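Participant: with the input below, show me the fold.
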Amino acid sequence: MLIRTEVPADILTIDALLRHSFDTEAEADLVMTLRENGHMTLSLVACNEAGEVVGHIFFSPVTVGGQDLGWQGLAPLVVKAEYRGQGIGQTLMREGAEILAELGYPVVVVLGDHSYYRKAGYVTAAEHGLRCSWPVPEEAFMVQELLPPALSGHQGLVEYSAPFSVLPA
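Facilitator: Model prediction:
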């Protein structure tokens, strides 16, 4: 499995993967809007031996208490149905975290399945005094510190960029 940075030729393939993998087209529309409006920090794809894109992860900026601290939001993460359960999502998260840390981005937040993201090193954000701007279960909003002590001294509301407001609640 090859993990690499998204290139322009991947955009339509990623869009199709997102449209096929989620119940609505909201995630695909979100990624396209974030990309077009300069809110993409990092986008990685996982390719099989034939070069087919079978997974995707996307990171974009978030604010904490109204401040831009270089923190990133992971959304979305997707793996083609027939490739799930092979560790591709975990590998995408690990590679993404390594690249973001190398680039100086200190923290990543994610909204999702606690048991799944915990395997990648995420912890409940509330443990650090952070809360999500949407009404979600506390255990679903998680954080990972890439460059300690970036979480120290920062608490409050974490907000994603405006294009996220189009997602269904």
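Participant: what about the strands in the protein?
Facilitator: Assigned by DSSP state E, the chain shows strands spanning 2-5, 42-47, 53-64, 72-79, 107-111, 123-124, 130-132, 141-145, 156-160.
Participant: out of the ones you listed, which gets nearest to Arg94?
Facilitator: Closest to Arg94 of the strands of the chain, according to C-beta to C-beta: strand 2-5, at 8.8 Å. Placement of C-beta: from N, CA and C, glycine included.
Participant: give me the helices and strands touching that closest one, please.
Facilitator: Using 3 or more C-beta pairs under 8 Å, 6 or more residues apart in numbering; DSSP states H and E, the elements in contact with strand 2-5 are strand 42-47, helix 88-102.
Participant: can you tell me which of the ones you listed is packed in deepest?
Facilitator: Scoring the helices and strands packed on strand 2-5 by mean neighbour count under mean count of other C-beta atoms under 10 Å gives strand 42-47 as the most buried, with a mean of 20.
Participant: parallel or antiparallel, list what pairs with that one.
Facilitator: As defined by DSSP bridges, the strand partners of strand 42-47 come to strand 2-5 (antiparallel), strand 53-64 (antiparallel).
Participant: picking up where we left off before, closest to Leu92 out of the strands of the chain?
Facilitator: Going by C-beta to C-beta, the one of the strands of the chain nearest Leu92 is strand 53-64, 4.1 Å.
Participant: so for the closest one, what's the average pLDDT?
Facilitator: Mean per-residue pLDDT for strand 53-64: 98.
Participant: return the most buried member of the strands paired with strand 42-47.
Facilitator: Buried most deeply of the strands paired with strand 42-47, by mean count of other C-beta under 10 Å, is strand 53-64, with a mean of 22.
Participant: quick one: the residue nearest the centre of the chain from Arg131, how far?
Facilitator: Nearest to the geometric centre of the chain sits Leu74, at 1.5 Å (C-alpha atoms, centre = their mean). Per C-beta to C-beta, to the nearest Å, Leu74 is found 17 Å from Arg131.
Participant: that older thread, any chance of the strands of the chain in CSV, with distance to Glu27 too?
Facilitator: Shown next, in CSV, are those (distance: least, C-beta to C-beta, whole Å):
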stretch, distance to Glu27
strand 2-5, 20
strand 42-47, 13
strand 53-64, 9
strand 72-79, 5
strand 107-111, 12
strand 123-124, 23
strand 130-132, 17
strand 141-145, 18
strand 156-160, 13
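Participant: which of those strands sits closest to Thr24?
Facilitator: Comparing the strands of the chain by C-beta to C-beta, strand 72-79 comes nearest, at 11.8 Å.
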